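Below are the sequence and a predicted model; questions follow.
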Amino acid sequence: MITEDFKEKYCLNFFTTVFGRHRMFVLPYITSALLSNEKAIAEIIVDNPTMIRKVHRDFLNKYFEGRWCIRGIPKQFKNKWNHTKKMKSIRWLTIPTYRTAYTYIGDIDIIILDKDIHTGHIAHAQKMKKPYSNYVRPNGQNMTGLHFVITKPYYKVLNKAYMNKKINKIKNGSMLMKGLDERLLCRMVLPAFGGPTGVPYRPGHGMHLSLGRPIIKWSAGLNYPKIYDANLRNHPVWVEGQQQVFDKRFMLCLKKLDEAIKIKEEDTLLGIQIQKGNLRGEALIKAKKRRRNLRNRRIKFK
């Protein structure tokens, strides 16, 4: 669990919600986030906290004692809150128990690789003169699901009373399903603080192993695989996690991640050849077919 003097030691809280099959990402997420960010803690809301704590406690205490908290879903969400979009929206509607100076509300299925992620977001928030760092998607209605906030001024406005009003609207059906998750966040943040201004800033901070996306998108460009190789792949803590405690399904994801990196490289090279006009006739047809095949590969669990 998290130590009482956490505010003196740490400035950032990695805060998010997990349910269903995404529980496989809890331990890798905490491990990668806290190895990469020495001034951070992790607070994770899980739909089965007792089981998760029992399985992961020894490993987490061995390497991150006093820096982690796995807790259950708050009572107000337990009834009629079993839809995926509703579950994902809990992270926007819950105030962290451990209020560090900054809070990063993200996705559990990302291997965090950037160090000290708060520094860039603080600069962005200060430049905008807002208590958050994020941007609005091109549709103008959704913010992204990676949301950084300056904890005190943000939750002073989006306080418990405000959250309860939103929760009641969702429960009584006056807020439709399409208005949840990222769109809900947008509807909360923009009226309270105004929209983001200036140059957009929303780094992924790592590789997103999204189970709903083709694996080619996992590597997020060619820089993060290099950072992964340099800083995390052979890190003793990460290696021990793979050998002893990481979920078998997550280990399958890691195998697919290596495949995804190779696919991304091949797709990039094929794209360059096609763009330059180096391929003709049958060779061009095969190259385009190959790219379609690469871009459609997904992970499947038995």
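Here it is on my side, so go on. Numbers count the residues shown, from 1 in each chain.

In contact with the residue nearest the centre of the chain, which residues?
Centroid-nearest residue in the chain: residue 107, 2.0 Å away (criterion: Cα atoms, centre = their mean). Contacts for residue 107 (Cβ atoms under 8 Å, 6 or more residues apart in numbering) come out as 16, 145, 146, 208, 210. Heads up, the C-betas are built off the backbone N, CA and C, glycines and all.

okay, and the helix or strand of the chain with the least pLDDT?
helix 84-93 (a mean of 83; mean pLDDT, DSSP states H and E).

Only the buried residues of it, if you could.
Buried positions in helix 84-93, judged by neighbour count with 16 or more other Cβ atoms under 10 Å: 86, 87, 88, 89, 90, 91, 92, 93.

Other residues contacting stretch 216-229?
Contacts for stretch 216-229 (Cβ under 8 Å, 6+ apart): 111, 113-114, 204, 206-210, 256-257, 260-261, 263-265, 267-268, 294-295, 297.

how distant is the longest helix belonging to the chain from the center of its chain?
In the chain, ranked by residue count with DSSP state H as the criterion, the top helix is helix 248-276. With Cα atoms, centre = their mean, to the nearest Å as the basis, helix 248-276 stands 21 Å off its chain's centre.

list the buried ones in the helix or strand following it?
Next along the chain after helix 248-276, taking DSSP states H and E as the criterion, comes helix 281-295. By neighbour count on 16+ other Cβ under 10 Å, the buried set for helix 281-295 is 287, 291, 294.

do stretch 241-256 as well
For stretch 241-256, burial by neighbour count (16+ other Cβ under 10 Å) applies to 241, 246, 247, 250, 253, 256.

circling back: okay if I get the contacts of residue 107 as a markdown table plus secondary structure?
Converted to a markdown table, the contacts of residue 107 look like this (DSSP: H, G, I helix; E, B strand; the rest coil):
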| residue | secondary structure |
| --- | --- |
| 16 | strand |
| 145 | coil |
| 146 | coil |
| 208 | strand |
| 210 | coil |
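
residue boundaries of the strands in the stretch 101-250 of the chain?
Taking DSSP state E, counting those that start in this stretch as the test, the strands found in the stretch 101-250 of the chain are 102-105, 110-112, 132-133, 147-150, 206-208.
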